[in-house]
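>>> After the sequence you'll find the predicted model.
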Amino acid sequence: MIVLDTHIWVWWVHGSEQHLTDAQMRAIRENESDLIGVSAITCWEVAKLVEYGRLELPMPLERWFKSALGYPGIKLLALTPDVAIESTRLPGKFHRDPADQIIVATARLYDCPLVNPTRRYCVMSM
């Protein structure tokens, strides 16, 4: 399983492959038959981006979520107390974006790679 960062998930769902690197697309394609994880906080982040006018979706938010979460292999990953705790224990000087902290913590707890906008995989072992 891999975990998708919010932007990667949106770009993939929208078919905006021009925003995705070959390595990011390859990582998604390699895991489509397995599992592709999406953190619950990612849904919140998408909703907030729409609310703030920073993301425009081609359909109402409710329909978009139903469609995007219905892709084959997509697994919605819960925001659990363990994820919340792990988000406070990230290594180094991790930036202060709580959604990113939760997404990284989720990938760490599931012990799987995170596909984010700056790298193919971002694996931060526990």
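Cool, the structure landed.

>>> which stretches of the chain form helices?
6-13, 22-31, 40-51, 61-69, 81-86, 98-110 (DSSP state H).

>>> what helices or strands is the shortest one leaning on?
Read it as helix 81-86. helix 98-110 (3 or more Cβ pairs under 8 Å, 6 or more residues apart in numbering; DSSP states H and E). In short, each C-beta sits where N, CA and C put it, glycine included.

>>> Now mean neighbour count, mean pLDDT and distance to residue 117 too, for the helices of the chain, in CSV please.
Output for these, formatted as CSV (neighbours: other Cβ atoms under 10 Å; pLDDT from 0 to 100; distance: least, Cβ to Cβ, whole Å):
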stretch, mean neighbour count, mean pLDDT, distance to residue 117
helix 6-13, 21, 94, 5
helix 22-31, 15, 88, 8
helix 40-51, 18, 98, 13
helix 61-69, 14, 97, 17
helix 81-86, 14, 97, 21
helix 98-110, 21, 95, 11
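
>>> any chance of the ones you listed in CSV, plus distance to residue 75?
Conversion of the helices of the chain to CSV gives the following (distance: least, Cβ to Cβ, whole Å):
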stretch, distance to residue 75
helix 6-13, 12
helix 22-31, 11
helix 40-51, 11
helix 61-69, 9
helix 81-86, 14
helix 98-110, 10
